[in-house]
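A.B. asks: structure of the sequence below:
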Amino acid sequence: MIWPDYSTGTLVPFNQSSPFTLIDCWDSLIVFVIVFVFVGSDPNEPMGFPEIRVARTFEDGLYLAVFVLWIPHFLALYRALRTERLAPSLFGSVLGIVGIVVLAAGALPHIVTLRVSELFHAQGTTVGEQAALELIWKAVYGVFDALLVVGLIFATIGVICLGAAMVKNTKFGKGIGLISVVLGVIGTVTAAVLLWSPSALAAIALFALIIFHVIAGLKMYRLSKNL
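C.D. replies: I've put the predicted structure just below:
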């Protein structure tokens, strides 16, 4: 991807200054393959957590790393698009970064659920206490689901704005711009549905963000090779 040089206000080619190379494009895909293939979904109760504790901790750490790497990507897109479409590029990058920060805040649920699981499996815990801990477990995930929905709404609206800025940008072109807008709309609509009924539909919005970062990241990488 193109990396912004803040001292000169220009975009520096990838091979000169970007510390993230193409990792920024593919890291999220790798993480979600690990989640769905090797780790699986979160258990609905603390009973099954010890069996996936190590894998879940590793996955949550990678999940957080993805969001950390997406932030400079939004900044780079703003720098690349601001000369022709300042308003949508600025608004989109700000919304995108705010959304990523909120998603990052909910990236480590295992820190809380680990303690609940330990109490659940502790010697001397009664059946009634285990039932209460199961309710606490579900309540904890409700909080993290709320962070997920808010983060997805902000980030996908940001993608719509950045896509609108790309449409009339001569370097990115109308095709990538429209694809980005469509991905953002799909993600936003899906996230909005989650406001009424939290479900696995969140994966659709997440995959829309992943595809956007892959497409935009590869385009920026190709542009940087021509600078």
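
A.B. asks: and Gly142, what does it touch?
C.D. replies: Pro198 (Cβ atoms under 8 Å, 6 or more residues apart in numbering). Quick note: C-beta positions are derived from backbone N, CA and C, even for glycine.

A.B. asks: state the helix or strand in which it lies.
C.D. replies: Element membership for Gly142, per DSSP states H and E: helix 127-167.

A.B. asks: now that helix, how far from the chain's geometric center?
C.D. replies: How far helix 127-167 lies from its chain's middle: 11 Å, per Cα atoms, centre = their mean, to the nearest Å.

A.B. asks: of all the helices and strands in this structure, which has the lowest average confidence?
C.D. replies: None of the helices or strands of the chain scores lower by mean pLDDT, DSSP states H and E than helix 14-17, at a mean of 40.

A.B. asks: so which strand or helix has the residue nearest to the spatial centre of the chain?
C.D. replies: Nearest residue to the geometric centre of the chain (Cα atoms, centre = their mean): Phe67, 5.2 Å. In this structure, Phe67 sits in helix 49-81 according to DSSP H and E.

A.B. asks: for burial, what's the neighbour tally of Glu51?
C.D. replies: For Glu51, the neighbour count with other Cβ atoms under 10 Å is 11.

A.B. asks: sorry, slip of the keys, the one I care about is Ala131.
C.D. replies: Ala131, neighbours per other Cβ under 10 Å, totals 11.

A.B. asks: for Ala192, see how far away Ala76 is.
C.D. replies: 28 Å (Cβ to Cβ, to the nearest Å).

A.B. asks: likewise Lys174?
C.D. replies: Lys174 sits 26 Å away from Ala192, going by Cβ to Cβ.

A.B. asks: circling back: who's more crowded, Ala76 and Ala192?
C.D. replies: Taking other Cβ under 10 Å, Ala76 and Ala192 do not tie; Ala76 has more neighbours (24 against 14).

A.B. asks: what stretches of the chain score poorly on pLDDT?
C.D. replies: The chain contains residues with pLDDT under 70 at 1-46, 225-227.

A.B. asks: can we see that at 50?
C.D. replies: Within the chain, the segments meeting pLDDT under 50 span 1-22, 38-39.

A.B. asks: as a quick check, tell me the outermost residue of it.
C.D. replies: Farthest-out residue of the chain from its mean C-alpha position, per Cα atoms, centre = their mean: Gly124, at 40.2 Å.

A.B. asks: state whether it is indeed within a helix.
C.D. replies: No. Gly124 is assigned coil when assessed by DSSP: H, G, I helix; E, B strand; the rest coil, not a helix.
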